[in-house]
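> here is my input; please provide its structure:
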Amino acid sequence: MTRILLATNSEQFENSVRDALEYDGALRWWDDDLAAGVDLESLAKELTGTGAGVIAIGPGVRPETAIDIAAHIDAIHPEISTVVVGELGAKLWESALRAGVRDVVSHKASADELQQVFWRAAEATILARANLLPDVAEKARKDSRGRVIVIVAPKGGSGKTALAVNLAVVLAHRHPSKAGLVDLDLLFGDVTNALLLNPEHSIADALDAPSLDPTLLKVLLTRRERDLFVLTAPDSPALGEMVTEDLVTSAIDGMSSQFEFVVVDTAAGLSEVTLAAIEKADDIIFICDMSVSAVRGLHKVISALHTLDMLRDKKRHFILNRADSKVGISTADVEAAVGLSVDVRLPSSRLVPRSMNEGTPLVESSPKTPVARSLMEVADLFSPLDAPSAKNPRRRRQ
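Numbering: from 1, shown residues only. Next up is the predicted model:
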């Protein structure tokens with residue numbers, strides 16, 4: 001659902017809106033200086049920085065001030081719908097229209113009126129945001145399909161999500177706006193934290209939709225720094241359990257029709273959702289560390305996929321994490337047990353968990369470290385640096 005923000009000091013109005021919309025989330029935001037002579041541009045940035053898609057200003061704010069705030073919001077985020085709560089004369093109505101105000105409503109409006117106003121505003125925001133997303137599909141060849149890269153690990157803690165995030169970021173840097181990332185760890189996905197995202201929508205928002213068409217998919221995506229588009233996991237495990245294999249298949253099909261590269265992070269092991277993703281994969285990346293349990297687990301995963309005949313026509317890649325660990329087994333031992341040759345060895349590094357906690361991928365924050373260079377080697381498997389469209393991923397930090 002599109003987030004709604006009420007810039008007002010009126011608890012009564014907040015309760016009216018909450019009752020009208022049956023809305024359980026946080027609604028009201030108030031700064032004591034809102035009605036005073038403050039820097040309205042800074043105030044607008046603060047309001048839009050909350051991630052709201054609809055911002056209602058008032059009651060408790062002079063209509064002229066509310067319109068000025070709306071104008072600043074429209075200047076920096078025209079896709080956000082603003083609603084002025086108050087009574088406007090003819091001249092103020094003209095000013096409101098010029099400021100991009102979506103609607104005006106009285107603080108005494110009925111529940112039906114409030115519902116209609118906020119629903120119209122939310123719908124306008126959804127359509128505006130969909131139009132702002134680059135239509136990558138039209139730029140690509142009509143019959144083309146992006147490369148779907150599914151990452152599989154036998155157990156948690158194998159470095160699967162760190163690999164998925166860094167791989168997707170490198171591909172996005174080399175191919176701006178042509179890379180997507182899907183978080184299919186539906187119960188405990190950590191992609192949003194690893195990339196410091198604040199998504200308004202997730203794959204679960206398509207549960208009640210008759211189909212996941214391109215327009216709806218665009219709405220569900222979260223954009224990171226213009227380069228990478230992410231379909232996030234739900235923030236509730238209960239919602240995650242409701243996501244079906246059919247929805248996953250539809251989501252991956254939709255992503256691959258719009259992006260040249262689609263990286264899919266999965267939950268540990270082989271769930272039905274992961275199997276659905278593997279069915280759509282062009283490439284499967286298997287990752288495990290040097291522990292005996294992880295190696296045995298990966299052997300079981302690969303054997304199961306062979307039994308199900310799901311590896312035919314799939315390109316397989318093996319990434320060995322913490323490959324420098326001194327645990328009594330060698331790389332050759334691991335390759336023999338798993339039945340695959342190691343493509344890239346990732347060294348141990350304390351920087352990896354720290355980067356995940358800080359929300360900054362290693363390929364951006366520490367690109368010259370051994371582990372970051374190894375992660376870039378993984379990206380080279382799919383997009384070599386000497387390819388015509390590839391760009392250096394070592395982008396300067398802003």
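
> where do the strands of the stretch 1-150 of the chain begin and end?
For the stretch 1-150 of the chain, strands defined by DSSP state E, counting those that start in this stretch occupy the ranges 4-7, 28-29, 54-57, 81-85, 103-105, 147-152.

> of all these, which one is nearest residue 333?
Residue 333 lies closest to strand 147-152 among those, at 20.6 Å (C-beta to C-beta). Yep, even glycine has a C-beta here, placed from its N, CA and C like the rest.

> next up, the contacts around residue 285.
Contact partners of residue 285, counting by C-beta atoms under 8 Å, 6 or more residues apart in numbering, are 149-152, 163, 167, 317-319, 378.

> can you select the buried ones from those residues in ChimeraX?
This is how ChimeraX selects the buried members of these, with burial counted by 16 or more other C-beta atoms under 10 Å:
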select :149,150,151,152,163,167,317,318,319,378
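
> dump the residue contacts of the residue most central in space within the chain.
For the chain, residue 230 is the residue whose C-alpha lies nearest the centre (C-alpha atoms, centre = their mean; 3.2 Å). The contact partners of residue 230, by C-beta under 8 Å, 6+ apart, come to 168, 180-183, 191-192, 195, 197, 199, 221-224.

> what pLDDT does it get?
We have a pLDDT of 95 for residue 230.

> surely it forms part of a strand?
Yes: counting by DSSP: H, G, I helix; E, B strand; the rest coil, residue 230 is found in a strand.

> beta partners of the closest residue in space to residue 124 that isn't next to it in sequence?
Nearest residue to residue 124, sequence neighbours excluded (C-beta to C-beta, 6 or more residues apart in numbering): residue 81, at 4.9 Å. Beta-bridge pairing of residue 81 under DSSP bridges involves residue 54.

> show me the contacts of residue 230 that map onto strands.
180-183, 222-224 (DSSP state E).

> can you redo these as TSV with neighbour count?
What follows is the ones in strands among the contacts of residue 230, written out as TSV (neighbours: other C-beta atoms under 10 Å):
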residue	neighbour count
180	29
181	30
182	28
183	29
222	19
223	17
224	17
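
> from these, which single one is nearest residue 3?
residue 222 (12.8 Å).

> my read: the closest one touches residue 205, true?
No: here residue 222 lies out of contact with residue 205, judged by C-beta atoms under 8 Å, at a distance of 11.5 Å.

> picking that back up, wait, doesn't the residue nearest to residue 124 sit right on residue 119?
No: the pair residue 81 / residue 119 is not scored as a contact, 10.7 Å apart, by C-beta under 8 Å.

> between these two, which one's more packed in?
residue 81 (30 against 14; other C-beta atoms under 10 Å).

> ok, the more buried one - contacts?
53-55, 102-103, 121-122, 124-125, 128.

> give me the nearest residue to residue 99, chain neighbours excluded.
residue 71 (3.8 Å).

> if I pick the one you found, what's in contact with it?
With C-beta under 8 Å, 6+ apart, residue 71 has these contacts: 98-100.

> report the residue ranges of every domain in this protein.
Here the domain parsing of the chain from automatic domain parsing is 4-132, 137-380.

> which of the helices and strands in the chain ranks last by mean pLDDT?
Sorting the helices and strands of the chain by mean pLDDT, DSSP states H and E puts helix 136-139 at the bottom, at a mean of 43.

> what about residue 78, how many neighbours?
Residue 78 has 11 nearby residues by other C-beta under 10 Å.

> so it versus residue 329, what's the distance?
58 Å (C-beta to C-beta, to the nearest Å).

> among the contacts of residue 71, name the ones in helices.
residue 98 (DSSP state H).

> and the gap between the residue nearest to residue 124 and residue 9?
In terms of C-beta to C-beta, residue 81 sits 21 Å off from residue 9.

> okay, and the beta partners of residue 319?
residue 287, residue 344.

> does it touch residue 378 like I think?
Yes: counting by C-beta under 8 Å, residue 378 is a contact partner of residue 319 at 6.2 Å.

> residues that sit against both of the two, list them.
163, 285, 343-344.

> turn those into TSV, including distance to residue 373.
Shown next, in TSV, are the shared contacts of residue 319 and residue 378 (distance: C-beta to C-beta, whole Å):
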residue	distance to residue 373
163	14
285	18
343	15
344	10
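
> report the two of these separated the most.
Applying C-beta to C-beta across the shared contacts of residue 319 and residue 378, the maximum distance is between 163 and 343, 11.9 Å.

> tell me, what's touching the two both at once?
Jointly contacting residue 163 and residue 343 under the rule C-beta under 8 Å, 6+ apart are 319, 378.

> about what we covered before: just the buried residues of the contacts of residue 71.
99-100.

> reformat the contacts of residue 71 as JSON lines; add pLDDT.
Formatted as JSON lines, the contacts of residue 71 follow (pLDDT from 0 to 100):
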{"residue": "98", "pLDDT": "82"}
{"residue": "99", "pLDDT": "86"}
{"residue": "100", "pLDDT": "88"}
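
> look up how far residue 5 lies from the closest residue to residue 77 other than its chain neighbours.
Leaving aside its chain neighbours, residue 77 sits nearest to residue 48 (4.8 Å; criterion: C-beta to C-beta, 6+ apart). Using C-beta to C-beta, residue 48 is found at 9 Å from residue 5.

> of the two, who's got more company?
residue 5 (21 against 18).

> check that one and give its pLDDT.
According to the model, residue 5 scores 90 on pLDDT.

> same question, residue 49
At residue 49, pLDDT is 82.
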